[in-house]
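Participant: Only the shape, not the letters, is given here:
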């Protein structure tokens, strides 16, 4: 099976511009392709997983990835999928976030001479002359066509700023610059970037008279059509300080039965033949498939040792064991205590188990909060300093464990 056929079989491809040409390039290992990442946070998250896995697969097939960090476009903010304007970041935050991205990407992409390269569009966008951009780039864009693009439609009702309107032009210029300076003949990205990618392809054609190609990646959705990678407490991050390896493992271990095979195909590097055999699995065998998924992805992001620790911790907890060495934990500052105690609602918000006290109240009312396996019945329930000194095991529902200590 060729690499392109495998991408199709795994359900990774959403749209392509010129399928036969793209197929030939990637199968021969002759694609130099880029995917852009705007540094809007100090960690990548599960939403980036598809792009990272695609880059890894294509590099393994001999193609050359170009990782574009949007240090320049980060000054503007992508309006795609937004109903409000993104917060503008300072140069210092953009630089910090970019450095964090690189460390995480090195687990997926092999960088070095004649391998993958990482570039930052701040290196060329910040030095552009405004009048030159208007004349040399802006002249090739129709505002009427831009406003018909899906990425702007959601912003039109509340008001699309001129700042955001320029995002498509900047992304198109990126493709043009990388084509001209790095021989980058393809752009890959999420399906919501299709209009921006076509704009870059058209700019290359108009300015250089050359062909280039674009392909979008299928969004990671569950069987109900919702984006995966979110929990009650927020995004599932790749940074272990934001989402621990245990929590990361548990997220994938708890995916719905209807989603596990799709996740195995799209996100793991297991042979398709092995995954297709799992189509016959049912009942308790699906739990085994989820465990395989969780181990594979946790190993990919956090390494084999952390994946095995997470697996062992989960087994100990859910089989009635007491081993909590690898359980997610939070150290509580003594200043949060009043009369050497802390209210349970304040505690679980501080631990990130729930995002707010109203959610904490709802959880207790529904009977879903446990301390040392005893159900919390009262909103006034408190944990003492002495208990925290020994470490307190907290459980939300059946599967979310956390330890608080001081």
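Facilitator: That came through, no problem. Everything numeric in this text was worked out from a predicted model, so none of it was measured. Numbering: from 1, shown residues only.

Participant: What lies in contact with stretch 231-249?
Facilitator: 42-48, 100, 104, 229-230, 251, 294-295, 297-298, 301-302, 306-307, 309-311, 313-314, 326-328, 352-355, 359 (CB atoms under 8 Å, 6 or more residues apart in numbering). For the C-beta atoms, the positions are set from N, CA and C on the backbone; glycine is no exception.

Participant: Stretch 2-16 now?
Facilitator: When contacts are defined by CB under 8 Å, 6+ apart, stretch 2-16 is touched by residues 1, 22-23, 26-27, 50, 53-54, 57-58, 61, 191, 194, 213-219, 262, 265-266, 272.

Participant: just the buried members of those residues?
Facilitator: In terms of neighbour count (16 or more other CB atoms under 10 Å), the buried residues within these are 22-23, 26-27, 50, 53-54, 57-58, 61, 194, 213-218, 262, 265-266.

Participant: For the residue lying closest to residue 119 once chain neighbours are set aside, give me the pLDDT.
Facilitator: Nearest residue to residue 119 in three dimensions, chain neighbours excluded: residue 68, at 5.7 Å (CB to CB, 6 or more residues apart in numbering). pLDDT, residue 68: 94.

Participant: just to revisit the earlier point, what subset of the contacts of stretch 231-249 is buried?
Facilitator: For those, a neighbour count by 16+ other CB under 10 Å gives the buried set as 42-48, 100, 104, 229, 251, 294-295, 297-298, 301-302, 306-307, 309-311, 313-314, 326-328, 352-354, 359.

Participant: quick one: which of these sit in helices?
Facilitator: 100, 104, 251, 294-295, 297-298, 301-302, 306-307, 309-311, 313-314, 359 (DSSP state H).

Participant: Would you double-check that the residue nearest to residue 119 falls in a strand?
Facilitator: Yes. When classified by DSSP: H, G, I helix; E, B strand; the rest coil, residue 68 is found to be part of a strand.

Participant: Which strand residues bridge it?
Facilitator: With beta bridges defined as DSSP bridges, residue 68 has these partners: residue 36, residue 119.

Participant: how much space between it and residue 167?
Facilitator: 14 Å (CB to CB, to the nearest Å).

Participant: anything in contact with each of those two?
Facilitator: Jointly contacting residue 68 and residue 167 under the rule CB under 8 Å, 6+ apart is no residue at all.

Participant: the more surrounded of these two?
Facilitator: residue 68 (27 against 22; other CB atoms under 10 Å).

Participant: surely that one meets residue 173?
Facilitator: No. Using CB atoms under 8 Å, residue 68 is not in contact with residue 173, being 11.7 Å away.

Participant: Give me the next element, helix or strand, following the lowest-mean-pLDDT helix or strand in the chain.
Facilitator: Every helix and strand in the chain was compared by mean pLDDT, DSSP states H and E; the lowest is helix 150-156, with a mean of 67. As assigned by DSSP states H and E, the chain's next helix or strand after helix 150-156 is helix 162-165.

Participant: Packing partners of the next helix or strand after that following helix?
Facilitator: With elements assigned by DSSP H and E, the helix or strand that comes after helix 162-165 is helix 167-182. Here helix 167-182 is seen to pack against strand 32-37, strand 64-69, strand 117-120, helix 122-125, helix 150-156, helix 194-208 when contacts are counted using 3 or more CB pairs under 8 Å, 6 or more residues apart in numbering; DSSP states H and E.
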